[in-house]
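# What follows is a predicted protein model with its sequence.
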Amino acid sequence: MLIMMSLNSPREHIEKVKEKIRSKNCMPHEIPGSVKLAIGITGPSTKLSEDDFLRLESVDEVVRVSKPYKLVSREMKPDDTIIKFNNASVGGESLTIIAGPCSVENRQQIFDIAGELKEMGIKFLRAGAYKPRSSPYSFQGLKEKGLEYLSEVKNEIGLMIVTEVKDATTLPLISQVADVIQVGARNMQNFSLLEEVGQLPNAILLKRGMSATIEDLLMSAEYILSQGNYNVILCERGIRTFETYTRNTLDLNAVPVIKKNSHLPIIVDPSHGIGIWDKVPAMAMAAIACGADGVMIEVHSNPEQALSDGFQSLTPKNFKMLLNKLEQLAPIVNKKVDIDVAVT
């Protein structure tokens with residue numbers, strides 16, 4: 001259910017609406033829009049009646065939300081959500097570029113690639129300190145030492161950090177370093193973890209599970225928003241199909257469908273989506289053409305020596321060529337690549 005009020009409603013009227021919602025054992029969620037203030041309600045809606053709220057002061061309208069996902073739906077918030085950082089934003093007219101290696105391998109490696117990306121104007125560095133892997137014998141990341149190196153990169157080079165959380169145990173450490181906490185495909189339906197990250201102030205990058213439907217992804221996002229964290233970025237990273245030539249099948253259909261049904265920003269990870277480095281630029285450009293708010297690209301200074309995902313990683317030189325193409329493409333879809341032009 002959605003309670004619509006005027007943007008200039010007195011605070012005391014807004015609080016009375018929220019008190020009424022809590023009295024029904026439900027939770028209120030303030031969602032300011034460009035025209036109206038919406039108060040979303042989550043909880044046992046069978047206990048609610050429109051008449052409970054229409055009699056309250058400053059309430060203009062009461063709307064039933066038909067989607068199973070409430071807080072992430074366009075019905076709840078017609079305007080696009082824009083997630084703002086100190087010198088960047090995700091969503092709206094910004095085309096966000098997140099780049100970096102699959103994992104932190106050593107201090108020199110992460111500083112070298114971070115420095116090259118900084119020179120290109122990139123603002124977000126992706127790199128894993130903890131790496132959930134299919135095989136227990138594969139490289140699992142440098143863990144705490146990797147986080148230490150990422151913290152040094154953040155402080156010394158000035159890049160914002162995107163890194164993956166493996167479990168609730170490591171979440172407190174990661175939340176201290178990461179500007180954006182990535183919930184990977186394998187954890188998309190780890191509901192306990194989703195509830196934990198939903199209680200943090202950090203932005204959350206939620207990757208679609210490899211066999212998840214679009215509704216599955218949006219319902220997982222709902223877990224995070226229901227805990228009070230509205231800074232969620234969705235990520236299409238490819239799904240598992242019968243095709244074996246590529247690593248996954250990059251489902252770009254999901255981008256416009258999600259844009260229609262949800263206000264949350266969505267980016268695309270073409271590196272995992274196709275898994276073949278020289279095909280990544282084409283899929284990155286296709287992602288922008290279909291309406292994505294950004295892309296996440298794996299970049300490694302020496303891909304053939306990478307400890308993980310080298311085959312899908314671009315060299316800095318090839319990434320720079322892609323970045324130039326994205327800058328040309330962005331205006332066609334009414335976006336601008338969000339890079340630091342002062343250092344390019």
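Arrived safely, thanks for sending.

# what about the helices in the protein?
Using DSSP state H, the helices found in the chain span residues 11-23, 51-54, 107-119, 144-156, 171-177, 191-197, 214-226, 254-261, 270-274, 280-289, 316-329.

# And the third one, what's buried?
In this case it means helix 107-119. Neighbour-count burial for helix 107-119 flags 109, 110, 112, 113, 114, 116, 117, 118 (criterion: 16 or more other C-beta atoms under 10 Å). Where you see a C-beta, it was placed from the backbone N, CA and C, and this is true even at glycine.

# out of those residues, which one sits closest to residue 196?
For these, the minimum distance to residue 196 (C-beta to C-beta) is 26.3 Å, reached by residue 110.

# which ones are touching the closest one?
Each residue near residue 110 by C-beta atoms under 8 Å, 6 or more residues apart in numbering is listed here: 101, 104, 127, 149, 150, 153.

# What of residue 9?
In this structure, residue 9 makes contact with 37, 58, judged by C-beta under 8 Å, 6+ apart.

# and what of residue 128?
Residues counted as contacts of residue 128 (C-beta under 8 Å, 6+ apart) are 102, 103, 104, 141, 146, 163, 164.

# what is it paired to in the beta sheet?
residue 103 (DSSP bridges).

# What is the burial count for residue 95?
By the criterion of other C-beta atoms under 10 Å, residue 95 has 24 neighbours.

# Do I have it right that it meets residue 337?
Yes: using C-beta atoms under 8 Å, residue 95 is in contact with residue 337, at 4.7 Å.

# what is in contact with the two at once?
Shared contacts of residue 95 and residue 337 (C-beta under 8 Å, 6+ apart): 326, 330.

# circling back: which of the helices of the chain comes out lowest on mean pLDDT?
Across the helices of the chain, helix 51-54 has the smallest mean pLDDT, namely a mean of 89.

# mind listing what residue 336 touches?
Residue 336 sits next to 93, 94, 95, 330 when contact means C-beta under 8 Å, 6+ apart.

# do you know how far it is from residue 205?
For residue 336, the distance to residue 205 equals 21 Å [C-beta to C-beta, to the nearest Å].

# Redo the helices of the chain as TSV? Include distance to residue 40.
Conversion of the helices of the chain to TSV gives the following (distance: least, C-beta to C-beta, whole Å):
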stretch	distance to residue 40
helix 11-23	9
helix 51-54	12
helix 107-119	38
helix 144-156	34
helix 171-177	25
helix 191-197	18
helix 214-226	9
helix 254-261	15
helix 270-274	32
helix 280-289	30
helix 316-329	35
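
# out of these, nearest to residue 77?
Among the helices of the chain, the nearest to residue 77 by C-beta to C-beta is helix 214-226 (10.2 Å).

# Check which helices and strands that closest one is in contact with.
On a contact count with 3 or more C-beta pairs under 8 Å, 6 or more residues apart in numbering; DSSP states H and E, helix 214-226 meets helix 191-197, strand 203-207, strand 232-236, helix 254-261.

# Give me the angle between it and strand 232-236.
Interaxial angle, helix 214-226 versus strand 232-236 (axes from the mean of the first three to the mean of the last three C-alpha atoms, to 10 degrees): 160 degrees.

# Go through helix 214-226 and flag the buried ones.
Buried residues in helix 214-226, counting neighbours by 16+ other C-beta under 10 Å, are found at 214, 217, 218, 219, 220, 221, 222, 223, 224, 225, 226.

# again with stretch 269-278
By neighbour count on 16+ other C-beta under 10 Å, the buried set for stretch 269-278 is 269, 270, 271, 272, 273, 274, 275, 277.

# and if you look at stretch 259-271?
If you call a residue buried by 16+ other C-beta under 10 Å, then stretch 259-271 has these buried ones: 259, 261, 262, 263, 264, 265, 266, 267, 268, 269, 270, 271.

# Relative to the whole chain's centre, how far out is it?
8 Å (C-alpha atoms, centre = their mean, to the nearest Å).

# mind listing what the spatially most central residue of the chain touches?
Nearest to the geometric centre of the chain sits residue 233, at 2.1 Å (C-alpha atoms, centre = their mean). When contacts are counted by C-beta under 8 Å, 6+ apart, residue 233 touches 83, 90-91, 180, 203-206, 264-267, 293.
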